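Enquirer: Turn this into a model:
(2 chains)
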Amino acid sequence: MVKFWKKGDKVYVLDVTGYTCPYPVIYMKNALGRIGPGETLEVIFDNPPSCETLPEAATEDGHEVVSLDKIGSGLWRLIVRRR
Amino acid sequence: MRPYTNRSFLYYLRTVFIDKIFTNMGWPEWLGGILLALLNVYFLAIAGKPFTIYGGFETWGRHIYSTFNLMALKETLFTNKTSLGDIGLFLGALATAVIAGEFKLKRSRLTDYLEGAAGGILMAMGVVMAWGCNWGGFFSAIIPLSLHGYAMFIGLIIGGYLGLIYVRWRARSIFSNPGELNLELLEAPPTGRREIPYGFKVSIVFLIVALVSGLIYLASGGGIYLSMLFIGFGVGVVIQRSRFCFATAFRELFGGVEMRRAIRLQIGIALGIIFGATGAAILKYMGFVDPSVYVKYVSISNVFGGILFGFGMSIVGACASGSLWKAAEGNMKTLIALIAAVLSYPVLKLLRPTIVGALNPPKIYIPSILGYGGGLIVIYLSMVAWIMFLLYYAYRRGVNVYG
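Expert: The predicted structure is shown next:
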């Protein structure tokens, strides 16, 4: 199940673990559309190809990719700042 | 600056070499396509048939049904060449997923599992009608110069597009459920398990492969069967590393959110077909492989099979090889799709004589019409035209495919 919540001041988290392509990208685009400019979104995912496709999609839409970290075995966190 | 002065040689090797192979960013798709074609030709030379997937699923299904005396077993899973390739693929994908730290058990909801099962059955029906999956009906069909590969190709494009429409609808229905949108301060983000060192993971992988190889050697009674396992292993490694997803390639192609990757994958597939067809033509022309090998029936049935398969793989999120690869990464939905395909395919395959009876389709070997030179030229031109069309399409949409 997709989980989307506010973690703190201007920081949101989108948990798309369990989802494969293309859902992580679709949900990230959707979540980025729901937060304000300058706010950041942390995307937590476990679909390996998303390591490429999520930053690619975020950059394509003009958002800033802050970081991509491996936070565990088969688990990653992408931080995107909305333009 | 000498950044490695205080570091061991092992560390140096790891940073300049091993980390590049086991990166989470994936190998380029064009490299994946070419390597898969070369492994395919190698398999054709050794096994006398191209690398395919569903023959193995049929053998596995028959194993299950034969225990209940419902079907006879033709070959065992250790002597059927396709089955050995499939086992190798699974192990290869599992090995690199574990070493690259990408393995994780991924559970889904019941609706996802039902979707996976439905997709698996649709794919099995598609395979019955198209005389093969995305490998045996398309990639590994054009490579040994059989026309039936082109027919499924058309169907896959249509099925993939229908899959895209379905995926858009499904994404909307999931995200519009207000119960799943919680904008309150919630618990801390999930954290994963601690990473295990390379050395330990490599040892475990080596041990598993050695055990399975030993088992197959004993059960099949010959070393030649191990070659199928090892080529399959290579295919699994390449598929997992280059994220060679046929489902994405066909579903996302015309307007999907991962269109750039789909185009890169299609270019990889087309390059693979160019390399593979050249190799297969040499093997067949020189007489190492019989020209009739893997030349199958072609008719409108293959196009419809492609549509069913294309739609099925789109809703599962994985094709035949993709189900094996992603199940090896711990994806439960694709495992369900795999089980559904294994159980339904041997039963659905009983419909094939009816299709042949109704359509009386021909088997068309491309060189029998155009000769080997002419046949290869047509395959090259069609694949180059497809690549140019995709690049022009990307150009019109203002998308830098490799940017």
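Enquirer: Quick check: B:Ile231 vs B:Ser213, distance?
Expert: 13 Å (C-beta to C-beta, to the nearest Å). (Each C-beta comes from the backbone N, C-alpha and C, glycine too.)
Enquirer: Compare those two (neighbour count), which wins?
Expert: Here B:Ile231 and B:Ser213 are compared on neighbour count by other C-beta atoms under 10 Å in any protein chain shown; more neighbours surround B:Ile231, at 25 against 18.
Enquirer: Helix, strand or coil: sort out that one for me.
Expert: Classification of B:Ile231 by DSSP: H, G, I helix; E, B strand; the rest coil places it in helix.
Enquirer: Name the nearest residue to it, sequence neighbours excluded.
Expert: Leaving aside its chain neighbours, B:Ile231 sits nearest to B:Phe43 (4.8 Å; criterion: C-beta to C-beta, 6 or more residues apart in numbering or on different chains).
Enquirer: residue contacts, that neighbour?
Expert: B:49-51, B:85, B:228, B:231 (C-beta atoms under 8 Å, 6 or more residues apart in numbering or on different chains).
Enquirer: Now tabulate these in a markdown table and tack on pLDDT and distance to B:His148.
Expert: Output for the contacts of B:Phe43, formatted as a markdown table (pLDDT from 0 to 100; distance: C-beta to C-beta, whole Å):
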| residue | pLDDT | distance to B:His148 |
| --- | --- | --- |
| B:Lys49 | 95 | 15 |
| B:Pro50 | 96 | 12 |
| B:Phe51 | 96 | 16 |
| B:Gly85 | 95 | 20 |
| B:Met228 | 92 | 23 |
| B:Ile231 | 96 | 23 |
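Enquirer: For these, which single residue is the most surrounded?
Expert: B:Gly85 (33 neighbours).
Enquirer: can the helix or strand where that residue lies be found next to chain A?
Expert: If you go by DSSP states H and E, B:Gly85 is part of helix B:81-99. Yes. For helix B:81-99, a contact with chain A is found by C-beta under 8 Å from any C-beta of the partner chain, at B:Ala97.
Enquirer: If you count contacts, what does that helix end up packed against?
Expert: helix B:29-47, helix B:54-67, helix B:198-220, helix B:224-242, helix B:320-328 (3 or more C-beta pairs under 8 Å, 6 or more residues apart in numbering or on different chains; DSSP states H and E).
Enquirer: Mind listing what's buried along whatever helix or strand comes next after that helix?
Expert: With elements assigned by DSSP H and E, the helix or strand that comes after helix B:81-99 is helix B:110-130. For helix B:110-130, the neighbour count (16 or more other C-beta atoms under 10 Å in any protein chain shown) marks B:112-113, B:115-130 as buried.
Enquirer: repeat for stretch B:207-224
Expert: For stretch B:207-224, by 16+ other C-beta under 10 Å, it's B:209, B:212-213, B:216, B:220.
Enquirer: Including distance to B:Phe311 and pLDDT, could these go into JSON lines?
Expert: Output for those, formatted as JSON lines (distance: C-beta to C-beta, whole Å; pLDDT from 0 to 100):
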{"residue": "B:Val209", "distance to B:Phe311": "35", "pLDDT": "84"}
{"residue": "B:Val212", "distance to B:Phe311": "34", "pLDDT": "84"}
{"residue": "B:Ser213", "distance to B:Phe311": "37", "pLDDT": "84"}
{"residue": "B:Ile216", "distance to B:Phe311": "35", "pLDDT": "80"}
{"residue": "B:Ser220", "distance to B:Phe311": "36", "pLDDT": "76"}
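Enquirer: of these, closest to chain A?
Expert: B:Val209 (20.2 Å; C-beta to the nearest C-beta).
Enquirer: Sketch out the strands for chain A, chain order is fine.
Expert: A:3-8, A:11-15, A:40-45, A:64-72, A:75-81 (DSSP state E).
Enquirer: Any chance of the ones you listed in a markdown table with mean pLDDT, distance to chain B and mean neighbour count as columns?
Expert: Converted to a markdown table, these look like this (pLDDT from 0 to 100; distance: least, C-beta to the nearest C-beta, whole Å; neighbours: other C-beta atoms under 10 Å in any protein chain shown):
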| stretch | mean pLDDT | distance to chain B | mean neighbour count |
| --- | --- | --- | --- |
| strand A:3-8 | 84 | 4 | 16 |
| strand A:11-15 | 90 | 5 | 20 |
| strand A:40-45 | 94 | 5 | 22 |
| strand A:64-72 | 92 | 1 | 14 |
| strand A:75-81 | 94 | 4 | 21 |
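Enquirer: could I get those strands as JSON lines with distance to B:Ser301?
Expert: As requested, those are exported to JSON lines (distance: least, C-beta to C-beta, whole Å):
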{"stretch": "strand A:3-8", "distance to B:Ser301": "44"}
{"stretch": "strand A:11-15", "distance to B:Ser301": "43"}
{"stretch": "strand A:40-45", "distance to B:Ser301": "39"}
{"stretch": "strand A:64-72", "distance to B:Ser301": "45"}
{"stretch": "strand A:75-81", "distance to B:Ser301": "43"}
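Enquirer: among the ones you listed, which is nearest B:Gly160?
Expert: strand A:40-45 (23.1 Å; C-beta to C-beta).
Enquirer: How far off centre is stretch B:70-79?
Expert: Here stretch B:70-79 is found 23 Å from its chain centre; the criterion is C-alpha atoms, centre = their mean, to the nearest Å.
Enquirer: Just the buried positions in it, please.
Expert: In stretch B:70-79, residues buried by neighbour count (16+ other C-beta under 10 Å) are B:71, B:75, B:77-79.
Enquirer: what about the residue of chain A positioned farthest from its centre, distance to A:Cys21?
Expert: Of all residues in chain A, A:Ser73 has its C-alpha farthest from the mean position, at 17.8 Å, by C-alpha atoms, centre = their mean. To A:Cys21, A:Ser73 is 20 Å away according to C-beta to C-beta.
Enquirer: Repeat that for B:Phe200.
Expert: 30 Å.
Enquirer: okay, the two: which has more neighbours?
Expert: The neighbour count for B:Phe200 versus A:Cys21, taken as other C-beta under 10 Å, is higher for A:Cys21 (27 against 9).
Enquirer: Wait, that one touches B:Glu258, no?
Expert: Yes. Here A:Cys21 reaches B:Glu258: they are 6.1 Å apart, a contact under C-beta atoms under 8 Å.
Enquirer: Find the residues that touch each one of those two.
Expert: With C-beta under 8 Å, 6+ apart as the test, A:Cys21 and B:Glu258 both reach A:53, B:248, B:252.
Enquirer: Now, those that are in helices?
Expert: A:53, B:248 (DSSP state H).
Enquirer: Return the member of the shared contacts of A:Cys21 and B:Glu258 nearest to B:Tyr11.
Expert: Once C-beta to C-beta is applied, the member of the shared contacts of A:Cys21 and B:Glu258 that ends up nearest B:Tyr11 is A:Thr53, at 30.8 Å.
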